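K.L.:
following is a predicted model, sequence given first.
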Amino acid sequence: MNADGRVLRVAYLTLGRAAAALALAGAAAASFAQSPVYLYQGADREQKLLAGAKREGTVSLYTSMQLPDSLPLTQAFEKKYGVKVSLWRASGEKVVQRALAEARAARFDVDVVETDGAQMEILYREKLLAPFFSPSLAEIPPKIVPAHKHYVPTRLSLYVLVYNTRLVPPGDVPKSYDDLLNPRWNGKLGLEAADVAWFAAVAKAMGREKGLAYFGNLAENAPAIRSGHTLLAELVASGDVLIAPDAHIQGVERLKKRGAPVEWRPLQPAFGQPSSVGVTRRAPHPHAALLFADFILSREGQEVIKSRNRVPSSRAVDSPLNRFDYDLVDPVIVLDEWELWEKHWSTLFLKGEKVQREAD
């Protein structure tokens with residue numbers, strides 16, 4: 001996930017509201033009415049979706065999922081249903097910009113969007129997504145599904161503590177955030193340079209003032225600030241730093257599989273960033289759109305995600321990477337509160353410098 005909240009917020013403020021307003025002004029309200037198939041729950045649901053999707057012949061997907069991960073997913077869908085996927089891949093910000101620009105021009109080419117949580121929230125706020133039902137919703141933890149149900153998490157980046165197993169004795173591994181304040185970690189702890197959203201989520205969970213005081217104390221332990229979650233985990237593996245509380249769990253697992261001396265542990269409260277799927281209100285192929293959303297959320301689709309060393313959102317797929325309690329970072333932090341939390345983070349950890357784009 002791109003951690004530069006300023007980029008996302010600029011895209012939201014400069015393109016989002018303006019584009020949506022122009023689109024709504026240029027099209028009748030009825031044109032944004034969602035397809036009735038999106039909420040259909042009849043016994044013949046799958047047959048109805050498949051018959052409609054085959055008539056439509058294709059589904060248009062905009063995603064920020066890397067091609068080595070997204071292509072196995074789309075190929076599995078095409079093989080199962082015989083419906084072609086037209087895939088456009090770009091960063092989450094560019095996905096949002098394109099969808100909003102097309103709406104401004106009264107062009108509705110995209111059926112399904114799958115990208116990071118805050119970007120999906122922008123599309124929801126600008127009324128480009130529709131609520132939808134999927135039988136696989138029953139397998140997604142309810143607390144990570146937005147109440148409005150206009151998008152549903154498909155995969156997760158969960159934040160965990162990573163530590164060097166050769167240099168940190170088992171009894172010394174921190175079990176809580178307070179344990180990170182132990183003087184033994186002075187100069188031996190690392191943080192990812194752009195993790196404003198993680199910082200804000202943890203601080204708010206502690207209570208804003210208490211949380212800010214906690215991170216002020218953590219700053220006194222002189223953490224090493226490095227750009228990129230992959231780099232940070234690699235530095236722990238090499239012993240340049242011994243622990244880091246904001247590693248991405250899938251990155252740690254990749255290092256473990258290569259034999260690196262690293263292990264992870266969730267600290268509570270634990271948080272994650274989702275990527276989610278949503279169907280568009282004006283999807284030109286609504287049956288195929290919902291069929292694809294169903295597939296990516298199904299056990300079969302989630303197994304493909306797991307096979308790509310990603311963390312599936314569904315509890316139907318057995319993954320040791322999501323067997324602990326966690327909450328998702330509130331998109332409000334990125335979209336509405338970024339400047340406030342960025343200023344605190346910069347003051348505490350960056351010597352007043354601006355947050356830069358994550359290197360991953």
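P.N.:
Received, thanks.
K.L.:
count of neighbours near Asn182?
P.N.:
By the criterion of other Cβ atoms under 10 Å, Asn182 has 12 neighbours. (Each C-beta comes from the backbone N, C-alpha and C, glycine too.)
K.L.:
report how many residues lie close to Leu290.
P.N.:
Leu290: 29 neighbours (other Cβ under 10 Å).
K.L.:
I misspoke; the intended subject was Arg258.
P.N.:
9.
K.L.:
cool, and His148?
P.N.:
Neighbour count for His148, taken as other Cβ under 10 Å: 11.
K.L.:
what sits against it?
P.N.:
Taking Cβ atoms under 8 Å, 6 or more residues apart in numbering, we find His148 in contact with Tyr124, Pro131.
K.L.:
next: His248.
P.N.:
Ser157, Leu158, Tyr159, Val160, His229, Thr230, Ala233 are the contacts of His248 under Cβ under 8 Å, 6+ apart.
K.L.:
report the beta-bridge partners for it.
P.N.:
As for beta bridges, His248 partners with Tyr159 under DSSP bridges.
K.L.:
any idea how far Thr165 is from it?
P.N.:
18 Å (Cβ to Cβ, to the nearest Å).
K.L.:
ok, which pair from the contacts of His248 is furthest apart?
P.N.:
By the measure Cβ to Cβ, Leu158 and Thr230 form the most distant pair in those, at 15.2 Å.
K.L.:
these two: who's more crowded?
P.N.:
Neighbour totals were compared for Leu158 and Thr230, and Leu158 leads with 21 against 18 (other Cβ under 10 Å).
K.L.:
wait, the more buried one touches Asp325, no?
P.N.:
No - look at Leu158 against Asp325 with Cβ atoms under 8 Å: they stay out of range, at 10.8 Å.
K.L.:
what do the two both touch?
P.N.:
Shared contacts of Leu158 and Asp325, defined by Cβ under 8 Å, 6+ apart, comprise Pro266, Ala270.
K.L.:
how about the nearest residue to Val304 once chain neighbours are set aside, secondary structure?
P.N.:
Leaving aside its chain neighbours, Val304 sits nearest to Leu73 (5.0 Å; criterion: Cβ to Cβ, 6 or more residues apart in numbering). Judged by DSSP: H, G, I helix; E, B strand; the rest coil, the three-state class of Leu73 is helix.
K.L.:
close enough to count as contact, Leu73 and Ile296?
P.N.:
Yes - counting by Cβ under 8 Å, Leu73 touches Ile296, with 6.5 Å between them.
K.L.:
end-to-end on stretch 35-48?
P.N.:
Using Cα to Cα, to the nearest Å, one end of stretch 35-48 lies 13 Å from the other.
K.L.:
ok, now stretch 347-354?
P.N.:
End-to-end span of stretch 347-354 (Cα to Cα): 10 Å.
K.L.:
report the rounded mean pLDDT for that stretch.
P.N.:
Across stretch 347-354, the average pLDDT comes to 93.
K.L.:
now stretch 194-210
P.N.:
The model assigns stretch 194-210 a mean pLDDT of 98.
K.L.:
sort out which residues of it are buried, please.
P.N.:
Across stretch 194-210, burial judged by 16 or more other Cβ atoms under 10 Å covers 194-206.
K.L.:
cool, and stretch 55-65?
P.N.:
By 16+ other Cβ under 10 Å, the buried positions in stretch 55-65 come out as Glu56, Val59, Ser60, Leu61, Tyr62, Thr63, Ser64, Met65.
K.L.:
that stretch: how far from the chain's middle?
P.N.:
Its chain's C-alpha centre and that of stretch 55-65 lie 20 Å apart, by Cα atoms, centre = their mean, to the nearest Å.
K.L.:
ditto for stretch 48-60
P.N.:
On Cα atoms, centre = their mean, the centre of stretch 48-60 falls 28 Å from that of its chain.
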